[in-house]
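S.K.: I would like to see how this sequence folds:
(one chain, ligands or ions: 1)
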Amino acid sequence: MSAVDLVIQPVLTPASPGWSAAVEALGDADRAQLELTAGPAVRTRFVTGRSELRRLAAARLGIPAADVRIQAWCPDCRGPHGAPEVSAPDGRRLGATISHASDRVLVAVADSPVLGADLVEVSAAEFPGFDRAVLARRELVATAPSLRDRQPWRARVWAAKEAVLKATGRGLRLSPTTVELAAPGAETAGAAVLTGSAGRTPFTVTPVAAPAGLVAAVACPD
Ligand SMILES: CC(C)(COP(=O)(O)OP(=O)(O)OC[C@H]1O[C@@H](n2cnc3c(N)ncnc32)[C@H](O)[C@@H]1OP(=O)(O)O)[C@@H](O)C(=O)NCCC(=O)NCCS
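M.R.: Predicted structure coming up:
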């Protein structure tokens, strides 16, 4: 897996010391997306995510933050939202991924153009029907219910699978059951395979240390 630069930060609010600088750092495409973003909670986490992404990408690319290009577009509606695409004026590209949960935002970049991550609240993965909606058949067969009930097992599984799905750029347009984890819920890096009409695509999923009540994972193609 190529080295990943990753941070998990508190979401800034207009009362935070860094808020004005974060808003000023937004690029034109960020501002266009912010215009279409409703609700103060979504707006503050968007601003935090984009400013952190710009900062991490600038350091990785060795260019001023203002020169980092961040764009997002939706393959369904063509609107300015979706997986962030990061590049330098000279054409170099980075893989980039953002996730929000509770009052935190996770941002990661890597040289690999394909990168996904997810930050999830442990409680959010404890809903009735999780196992049938999320686990692949072989995961369902191979894991005892007593293991699945051991928190944060389901949250780790969800973070790993959503990280893979975000790496594809399709997100939850694809079912989490299409991702097969070699060791579901493991606390260490492991193999994942995205299954589908295009065959079997291998990824490595790495759990990431997260604040209490949250679980995170990052996925890169092999
Ligand atoms: C993308 C998706 C997985 C996000 O799930 P979530 O758990 O609610 O949110 P997270 O906080 O983990 O991730 C949100 C971030 O993922 C990124 N993202 C958005 N769409 C993405 C995609 N298709 N692939 C990868 N990353 C995506 C964005 O950076 C977004 O944050 P930002 O808008 O502040 O920059 C989910 O919303 C999805 O799959 N949507 C697909 C359907 C869709 O967007 N339809 C729109 C049709 S108009």
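S.K.: who touches the residue in the chain that the ligand sits nearest to in this structure?
M.R.: Residue nearest to the ligand within the chain: Gly171 (2.4 Å; C-beta to the nearest ligand atom). Bear in mind the C-beta positions are built from the backbone N, C-alpha and C, glycine included. By C-beta atoms under 8 Å, 6 or more residues apart in numbering, the contact set of Gly171 is 83, 162, 165.
S.K.: how about the first one, secondary structure?
M.R.: Recorded secondary structure, Ala83: coil (DSSP: H, G, I helix; E, B strand; the rest coil).
S.K.: With the last one instead?
M.R.: Following three-state DSSP, Leu165 is assigned to helix.
S.K.: mind listing what it touches?
M.R.: Counting by C-beta under 8 Å, 6+ apart, Leu165 makes contact with 116, 171-172, 174, 176, 178-179, 194.
S.K.: If we use 10 Å, what do you get?
M.R.: 116, 118, 171-176, 178-179, 194, 219 (C-beta atoms under 10 Å, 6 or more residues apart in numbering).
S.K.: I'd like the residues you listed as a markdown table, with secondary structure appended.
M.R.: Listed next are the contacts of Leu165 as a markdown table, based on three-state DSSP:
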| residue | secondary structure |
| --- | --- |
| Gly116 | strand |
| Asp118 | strand |
| Gly171 | helix |
| Leu172 | helix |
| Arg173 | helix |
| Leu174 | coil |
| Ser175 | coil |
| Pro176 | helix |
| Thr178 | helix |
| Val179 | strand |
| Leu194 | strand |
| Ala219 | strand |
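S.K.: Only whichever of these are buried, select them in ChimeraX.
M.R.: In ChimeraX, this line selects whichever of the contacts of Leu165 come out buried by 16 or more other C-beta atoms under 10 Å:
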select :116,118,174,176,178,179,194,219
